[in-house]
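Participant: Okay, predicted coordinates and the sequence, questions at the end:
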Amino acid sequence: MKLRDFILRRVLLAIPVIFGVLTITWFLSYVVGDPLAMFITERTNPAAIPGIIQDHGFNEPLVIQYFLYLRTLLAGDWGVSYSTGGDLPVLTVIARKFPATIELAIVAMVFAVILGVPLGILSATRKDKPIDHFTRVFSLAGVSMPIFWFALLLKYVLFYQFSVWGLPYLPSGDRVDNELWKTVLHNGVGYDFTSSITGFVLVDSLLYGQPILFGDAVLHLIMPGFCLGYLTLAIITRMMRSSMLEVMKEDYITLARSKGLTERIVIYRHALRNALIPTVTVIGLAFGGLMSGAVLTETIFNWPGLGRWATQAILVSDMAAINGFVLLVAFIFVSANLIVDLTYGALDPRIRYG
Amino acid sequence: MSQSQDLVLSIKGLTTNFYTYEGVVKALDGIELSLKRGDTMGVVGETGCGKSVTAKCVLRLIEPPGRIDGGQILFYDRDPKTGETQETDIVQLTPLEMLSIRGNRIAIVFQDPATYPNPVFRIGAQIAEVVTLHQDLGREALEVRIKELEESLKNSPSPEHQAKIREQIEHYVSMLENPPKPDRKYARKAAWAKAVDMLRLVRMPSPDQIANQYPHELSGGMRQRALIAMALACNPSILICDEATTALDVTVQAQVLNLLNILKKEIGASILIITHDLGVVAETCNSVTVMYAGTTVESAGTKQLFENPVHPYTIGLLTAIPKLHENKERLDQIPGTVPNLINPPTGCRFHPRCAFATDICVSDRPSLEEVLPGHYVACHHPQGNL
């Protein structure tokens, strides 16, 4: 009961947040920015301009335009993205490109969590030993290296140099090797994400019953996934290390030791759960961050996801697409925060919702 | 000290140092302490004299940069079934061997009930954890199983079904004599039942409910009782109370001390009470060891020590207690402060603050001598009635 009320209240509280976000983005794109830039080029006949203005309703007063925007948005119409081939509705584009971004973000998150948490624990329990020094340098590199530079470096070594040396190398970009997919699926198209079953290559390849394609998808995910996750991995490692060191000094660890428990159980049962609480915050917020981080990674690895779409939309002032993307990211941030808050309660009984 | 007495713990010349950046802190320098079986002994001294370090040494809980550098901690454990006593030197045990003593044969209750229980586990689970760790719950698990079957017998619909259950019960009853290793589900239930029993033993109201609660839902006194229950769960030979009542308010403190007095009789453990409160000692202990700056200065029966203190430091401690019937402007105190243990005074460590100090006190370390029957003191110039 209490939990349901809490979730309900948080969802209601999210409304003003989302509203604020969309108002600000609308203002920045339609009032500060020039919404006509998308439709008028140097070759447009000046006589046609008033007609274009008329067509898109830019002649109305701003307040009216704003309310019209809100009305269509509430009706489920997020506008049309004119920069995408075929002038598709924003929601359709999102539905097509979202799986690619989410898949990448999940892989990045998996890298970050399954490497970051154990590295942090190892680093804390072997403080000032070689493994700790290594981990600290590794995580410092993660937070300091710009993602685009690191991505190019990875590509240079794992793709270019490895192929030069004749070693097995990783693909330099794209979600799949389309030639391979064409041969295996005999459909002449390869992987077509507009008509695929789920939009997730990892899932689709398995649904087609083709382990080779699954392997191909995995290979394509390794570099961009690690690249995108490295920053989060570094943050999680550092957070885990410091909170573990903090917890190991607590009195309840002394008590656990005084019970005769082995050091392993003291660490993994008594310390870990307490140390995870601050780390979970970071993990949750990072998931939202991965969405924006994806902009760079997707561009460099030619990943047909939302990030690249948004970048292109910004370059050509495709206002509906920009607004749609920002709104979606806001939704993701709000939900990630809610999930983090719910996880706290599961980890720490002292936290009560109400 | 003579060996003939029925001792449970005998610390001889225990030396522990902490290797810090500022220098070597000689925290314990030749501690002597003997705890008789069934006794309650108080260990008293000022803050920083090494009382808690001694307790931690007994459990080998000293962490780097600290290290036990010498001496013996002899533990005479008596097997409850055979009555045989086995001598173990705790200092010599491997860390792995130590695990089976810690929390099992020697248990400790710490000072602050607010910070010692793990905040994320239920009280019952924290007690059950130590039970499952050290006890073979074979018999208890079988009993739980039989009890459950008896319950289901009552609700059983058909006679055939009942016969089947009876058969099962008989099967398990026959196993009671020589119980096999319990399966996890029933071991967990048995451990939980034991945890509830322990909470009942420490006079917790509605122990079933308390076992399901988290530490933050209990008051300080209740938490301390839960910690005592945790320490006693495996019937230890020695219970160490490291300032166990210091953080509690006076009324709760009285309750806990009273509880310890009762429990001692019920469970037959020897208790080591570490405190700086002489009132606690007077109320609960039958013998006292006085420590000063990492050394043992005096040891005697409580009554004897309070009536006839021999070491100048003990005399100072006792006169420092304000008395109700006296009307004084200024409370008595021992001049000076506790010495820095990186560079402790030569000879008797108390000599810079002692009114009776002579040259020999500066040059020679006094050894612990029996000045009266059962009354030991380490002093070149013992005072009192000898």
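Facilitator: That came through, no problem. Residues are numbered from 1 along each chain as shown, chains lettered A, B, ... in the order given.

Participant: For residue B:369, name its beta-bridge partners.
Facilitator: residue B:377 (DSSP bridges).

Participant: What helix or strand is residue B:315 located in?
Facilitator: helix B:312-319 (DSSP states H and E).

Participant: Buried residues in that helix, which are they?
Facilitator: The neighbour-count check on helix B:312-319 (16 or more other CB atoms under 10 Å in any protein chain shown) flags B:312-317 as buried. Heads up, the C-betas are built off the backbone N, CA and C, glycines and all.

Participant: Export the residues you listed to TSV and append columns for distance to chain A and pLDDT.
Facilitator: Shown next, in TSV, are the buried residues of helix B:312-319 (distance: CB to the nearest CB, whole Å; pLDDT from 0 to 100):
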residue	distance to chain A	pLDDT
B:312	35	89
B:313	30	90
B:314	30	90
B:315	35	89
B:316	32	87
B:317	28	86
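
Participant: ok, back up a step: how much distance is there from the helix holding residue B:315 to the middle of the chain?
Facilitator: 25 Å (CA atoms, centre = their mean, to the nearest Å).

Participant: And the helix or strand that that helix is followed by, how far out from the chain middle?
Facilitator: Later in the chain than helix B:312-319, the nearest helix or strand by DSSP H and E is helix B:359-363. Centroid displacement of helix B:359-363 relative to its chain, using CA atoms, centre = their mean, is 36 Å.

Participant: What residues does the stretch 201-350 of chain B have near chain A?
Facilitator: With CB under 8 Å from any CB of the partner chain as the criterion, the stretch 201-350 of chain B comes near chain A at residues B:214, B:216, B:227, B:230.

Participant: Go again with 7 Å.
Facilitator: B:214, B:216 (CB under 7 Å from any CB of the partner chain).

Participant: and the residue in the stretch 201-350 of chain B that chain A sits nearest to, what is it in contact with?
Facilitator: The minimum distance from the stretch 201-350 of chain B to chain A, using CB to the nearest CB, falls at residue B:214 (4.4 Å). Residue B:214 sits next to A:349, B:119, B:122 when contact means CB atoms under 7 Å, 6 or more residues apart in numbering or on different chains.

Participant: got a list of contacts for the helix holding residue B:315?
Facilitator: With contacts defined as CB under 7 Å, 6+ apart, helix B:312-319 is touched by B:278, B:290, B:292, B:297-298, B:305-306, B:309, B:332, B:334, B:350, B:354-356, B:379, B:383.

Participant: Could you list the low-confidence segments of chain B?
Facilitator: B:1-5, B:80 (pLDDT under 70).

Participant: which parts of the stretch 1-150 of chain B sit against chain A?
Facilitator: Checking the stretch 1-150 of chain B against chain A by CB under 7 Å from any CB, the hits are B:59, B:61, B:99-100, B:102-104, B:108, B:110, B:112, B:115-120, B:129-130, B:133-134.

Participant: Quick one: the strands in chain A, in order.
Facilitator: Taking DSSP state E as the test, the strands found in chain A are A:80-81, A:88-89.

Participant: what's the closest of those strands to residue A:111?
Facilitator: Closest to residue A:111 of the strands of chain A is strand A:80-81 (CB to CB; 30.9 Å).

Participant: Can you name every helix or strand that that closest one contacts?
Facilitator: Applying 3 or more CB pairs under 7 Å, 6 or more residues apart in numbering or on different chains; DSSP states H and E, one finds that strand A:80-81 makes contact with helix A:90-125, helix A:319-347.

Participant: For that strand, which strands pair with it and how are they oriented?
Facilitator: strand A:88-89 (antiparallel).

Participant: List the contacts of the partner strand.
Facilitator: Contacts for strand A:88-89 (CB under 7 Å, 6+ apart): A:78, A:80-81.

Participant: what's the helix or strand for the spatially most central residue of chain B?
Facilitator: Nearest to the mean C-alpha position of chain B, by CA atoms, centre = their mean, lies residue B:240 at 0.6 Å. Using DSSP H and E, residue B:240 maps to strand B:238-242.

Participant: list the buried ones in that strand?
Facilitator: Neighbour-count burial for strand B:238-242 flags B:238-242 (criterion: 16+ other CB under 10 Å).

Participant: Helices along the stretch 1-150 of chain B, start to end?
Facilitator: For the stretch 1-150 of chain B, the helices defined by DSSP state H, counting those that start in this stretch cover B:51-58, B:95-99, B:123-134, B:138-154.

Participant: Just put those in JSON lines and tack on mean neighbour count.
Facilitator: Shown next, in JSON lines, are the helices of the stretch 1-150 of chain B (neighbours: other CB atoms under 10 Å in any protein chain shown):
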{"stretch": "helix B:51-58", "mean neighbour count": "23"}
{"stretch": "helix B:95-99", "mean neighbour count": "13"}
{"stretch": "helix B:123-134", "mean neighbour count": "24"}
{"stretch": "helix B:138-154", "mean neighbour count": "16"}
